[in-house]
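Asks: no sequence on hand, only this structure:
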């Protein structure tokens, strides 16, 4: 297995400087005009959707969503609980005949309370700020108030995220038994090596939706959630910011809680790669996706590209949103 | 405009008898085995997904979801409120610098409380019962308890609903200014006339996902919600049960609150067509979809078929689920 | 019935000036030190609690809470819905024997989602600001962030609100059939006239908890909620600010949605009296209390004072809180 | 320290038999008529409230509520999460001037999602069933459906729970440093010994509200929540059922999660004492109360009786309810 980047590649003491430098190199502010709300989704055009549809050969479909229920990994960090699903009416009530409906009809109905990032989700562009600034240079407080994200709310992305998906199974290519260890920082070299190992179907370019599998979820499935939410994990190295920017991908998602490697690669840091890619690149980032079944299929047939439709639930003003991503091969 | 079915077609006084007869004629119980949980989604196979993908010509995509927010149509019927979306952190907090994060990163986060049928949704097979029995003849209380639907929960459909979509714009073909009036019962003849008017691309067969536009949402958009949720509306006639069964479609969705015509066609009735199609046919029914932009596009290019990916949010055990359906032409 | 104050008493065009002047006259900023979080609850001391307890003669108790359920008056204004109470387990589940417990024990459990001001409640001191300033001159954003009220959260009042309650039944004394009409502004003169009519037991002084009954809830009970939440209503006149300040009462509550008269007494205004009494006086204001049964009892025995224990549910950081106030006579 | 009851006192293998026998000895079914919904609250009459009020000597008040927030002990057992409190508007929004209100007024507002037994609470009479039967012999499913408790909902107790409180500080009398160890079963002898140690003010009789302090919460405060919710704890022995019945107390509350000792005293058991006291005795049981400050005061002045007002939040149909109990000495 290739090593994570040497400690010398990153000055652990200077998160702030490294973030500022990367942000400057990778900024997309103004690229699509001052009013842009889509960020890298601008790369995902009709041609890309045609290309995605053209990848459907067998018609096999895969849901890349984890479960949405009370048995999830959340432990309450910053009030993020697991979804709580409760019933307004049940089959037991219907059987008892007390629902008040005519001619023998009975019904069940339900509600859910959930943090929008409790399970499989897209981060919206209003999810992360850099020194009080949001995507495209807007003031954070002009974008996201208690009313929600009034500019780049997730509803702006409702119709867009359908196109060509590419699975980079870094866990399978570089890990042990398909899994990378916690703290493993996936570098650009790792990503390129994975693409090379997968072959032509795994090429990555403008408008693609890239899925990076680390194997972290597979381990959680085997061992229990433990610290899946917020704890140590493999993930993207801070040093991939330029690759994420340069490839002009439309979005990226992983099978981990937080997309980037944890612990983070600076001495005192919290999700520094987020601070570059969301407000500066305007990149759509997905987290907590379940890539395992799809990965098994890709390993079997050697094809790592597919149609991917991953339309977020358009909760108005949301800074993140649950999604049931569908891959069709 | 053709009339709704004559009063003589239905014996308004005998909802119970009519439902029992239709249920007997249309039952799919046991058709896919005693353990089946998919109902009509069994008709939606890989070949159908290939066919759907093959319909993508331009790559134009459409979200068929209404908004998910507090400005929706719900008025609290049976505790169904509109979604309430609140923030756990905002850009204002980030600007103020009190979030406790290092190196200038700031974040916004959010939660939602919502009935699962508050906005655009699929009814799950555990949503409706007939005399205490659920799909495939199971006891309602063996299926849906306070723990949710433990047999046919919406998560069972998570990976399936991607295929060929067909729009039947009954409102445009038979209505005035594209809209049918409240109480207009869409019959099999109306459906067939609409297919004929649309031409070959609107043919309906096994495994298709059929979208029926009445124009009711367009009116709500123009006039305000009023009684959109639960009030009078155009919709499918009870008499379409045989067509819904015989065509072997995989699912059907409308732009109305309740799929079937309201007031219902019996003297004392509540959603009698539901009572046949969900527990007996095992049909997936979608409600509160926004078909207007797609319909305008179909009217313009004359093509009424498309790739449709409408994957419900897989809340474990849900008897219905929000969805952001994506059509790609 | 005495009239509402003459139009000449208030310059309807100058809400801002009137508020500023009243705020200056009535300010309690600094009165109890720069760190004070209790406001007028400082007037409610141990002696007052002894006095309250001493008023219990018969031992008759009254709950002054309205219901907390989906049938309440809320219509979604600023995302305030009615409480939604759902079950996690029911007696039907217990009867069915599927709960997984030993030796025949069964259980029911439940959850609630509710705006904290959905029904009978106390406004906390962080509920209202004047030009960005909260009680005691603090910056609003230093007090109430997305984390809640970190200074004057309702938990600071958890142990305090027990003392002498006084009912001023203005509706019964000055209204028709016990009810004041919408838009009736209750002035200081009206309050004094009511006290005079009730006699010595209705005297008001430092540390008292004053309950003002307008009859508005009685009407809602008879006619339906209508616009009870946010619509026209009788209530305190803006001109009572000085009385509310000068009497040194600890708190005041009414049977209306919004405490003060609606429409408000200025041309373009929203709850101007709130803007004076909460941030400047530091007054605890209760709304949507049910005073009718207590009022009937007071009218019968002529005693308008009682022990009142109205301890808010101490949701940490809440800017308002539900309460089940108990009066004991 | 006296020992817990000898193993011989309870046949650990026969929970079902022991429960049935105790239920038979202690049943109050029919005692107050077939329609009774109050259970032991019938013992709490006006005379008792007068007696309670008469105990107020100094006017010192104590809130016996724990916090209601995300930092609570709940870990998601049976979907019981900690309360999630979120803001609809904040001081930051008000300062920013974007709330849309006139004349400089600003506001903050909030909502809460919480299991009704997340923190300090009363169990309602519909909370626990014995072999499918609820209090007074009603079928569990006739009482608590998905609509909530339609018979003995907590709102039936809204006005009642004010009276004489008695603190039995078993932890201080029998424990080490004021705390009993986990698994310590508090027997009738322990209760009697504690009463004797406290003296006359701790006598217990009909209509009293008895508070039993074990010290478990004090330990959680010192060591962290750990398994406070559902784990091992000191608590009432199953053998106290007869004392709880015979004393004719109106209610009892403890500083633990589950009132009775855990692990329970039978080999395979879950809360067997609940199964006797709630459905058969009709006893109001409080859990997760914070008795520490009150206990310190009682230890200091030697007076263990006081006015107690503990009015549950009257969520319609609730089978349990949060409460902010107020003791006044």
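Replies: That came through, no problem. Everything quoted here is computed from the prediction, not taken from an experiment.

Asks: which residue ranges of the stretch 201-329 of chain A form helices?
Replies: A:216-223, A:241-246, A:272-276, A:292-301 (DSSP state H, counting those that start in this stretch).

Asks: got the end-to-end distance for stretch A:208-221?
Replies: 28 Å (CA to CA, to the nearest Å).

Asks: that one: which residues count as buried?
Replies: Buried residues in stretch A:208-221, counted by 16 or more other CB atoms under 10 Å in any protein chain shown: A:208-220. Using the backbone N, CA and C atoms, a C-beta is placed for each residue, glycine as well.

Asks: make a markdown table from the helices of the stretch 201-329 of chain A and add distance to residue A:179 to it.
Replies: Shown next, in a markdown table, are the helices of the stretch 201-329 of chain A (distance: least, CB to CB, whole Å):
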| stretch | distance to residue A:179 |
| --- | --- |
| helix A:216-223 | 5 |
| helix A:241-246 | 22 |
| helix A:272-276 | 21 |
| helix A:292-301 | 11 |
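
Asks: which of the buried residues of stretch A:208-221 lies closest to chain C?
Replies: residue A:220 (24.8 Å; CB to the nearest CB).

Asks: report the contact partners of residue A:177.
Replies: For residue A:177, the contact set (CB atoms under 8 Å, 6 or more residues apart in numbering or on different chains) comprises residue A:215.

Asks: tell me how many other residues crowd the closest residue to residue A:112 other than its chain neighbours.
Replies: Spatial nearest neighbour of residue A:112, excluding adjacent residues (CB to CB, 6 or more residues apart in numbering or on different chains): residue A:85 at 4.8 Å. Look at residue A:85: counted by other CB atoms under 10 Å in any protein chain shown, it has 24 neighbours.

Asks: what about residue A:85, distance to residue D:141?
Replies: Taking CB to CB, to the nearest Å as the measure, residue A:85 falls 22 Å from residue D:141.

Asks: distance-wise, check the residue nearest to residue A:206 when sequence neighbours are not counted relative to chain D.
Replies: Using CB to CB, 6+ apart and skipping residues adjacent in sequence, the residue nearest residue A:206 is residue A:248, 3.8 Å away. Applying CB to the nearest CB, to the nearest Å, the value for residue A:248 to chain D is 35 Å.

Asks: what do you get for residue A:296?
Replies: 30 Å.

Asks: and for that residue, the neighbour number?
Replies: 13.

Asks: tell me the pLDDT of it.
Replies: Residue A:296 carries a pLDDT value of 98.

Asks: deepest of the helices of the stretch 201-329 of chain A, which one?
Replies: Highest mean neighbour count of the helices of the stretch 201-329 of chain A: helix A:272-276, a mean of 28 (counted as mean count of other CB atoms under 10 Å in any protein chain shown).

Asks: report the mean per-residue pLDDT for that one.
Replies: If you average the pLDDT over helix A:272-276, you get 98.

Asks: what parts of the stretch 151-300 of chain A come near chain B?
Replies: A:155, A:158-160, A:162, A:266, A:268-272, A:274-275 (CB under 8 Å from any CB of the partner chain).

Asks: re earlier: quick one: the residue nearest to residue A:112 and residue A:119 touch, right?
Replies: No - using CB atoms under 8 Å, residue A:85 makes no contact with residue A:119, being 11.6 Å away.

Asks: shared neighbours, these two?
Replies: By CB under 8 Å, 6+ apart, the residues touching both residue A:85 and residue A:119 are residue A:68.

Asks: close to chain C, is stretch A:116-123?
Replies: No - residues of stretch A:116-123 are not located near chain C by CB under 8 Å from any CB, the shortest gap being 14.5 Å.

Asks: just the endpoints, please. Distance across that stretch?
Replies: End-to-end for stretch A:116-123, by CA to CA: 9 Å.

Asks: and for that stretch, what's in contact with it?
Replies: Applying CB under 8 Å, 6+ apart, the set of residues contacting stretch A:116-123 is A:64-68, A:72, A:74, A:80-83, A:154, A:157, A:161, A:251, A:253, A:274, A:278, A:284-290, A:310, A:312, A:315, A:318-325, B:109-112.

Asks: which of the residues you listed fall in strands?
Replies: A:251, A:253, A:284-287, A:320-322, B:109-112 (DSSP state E).

Asks: between the residues you listed, which is closest to residue D:257?
Replies: Closest approach to residue D:257 among these (CB to CB): residue B:111, at 25.6 Å.

Asks: nearest spatial neighbour of that closest one, chain-adjacent residues omitted?
Replies: residue A:115 (4.7 Å).

Asks: next, count neighbours for the one you found.
Replies: 25.

Asks: state the distance from it to chain C.
Replies: On the measure of CB to the nearest CB, residue A:115 and chain C end up 13 Å apart.

Asks: let me see the contact set for that residue.
Replies: Applying CB under 8 Å, 6+ apart, one finds that residue A:115 lies in contact with A:74, A:79-81, A:83, B:88, B:109-111.

Asks: still on that earlier bit, among the residues of the stretch 151-300 of chain A next to chain B, who's most crowded?
Replies: Neighbour max across these (other CB under 10 Å) = residue A:275, 31 neighbours.

Asks: correct me, but that residue touches residue A:128?
Replies: Yes - between residue A:275 and residue A:128 there is a contact at 6.2 Å, judged by CB under 8 Å.

Asks: shared neighbours, the two?
Replies: Shared contacts of residue A:275 and residue A:128, defined by CB under 8 Å, 6+ apart, comprise residue B:105.
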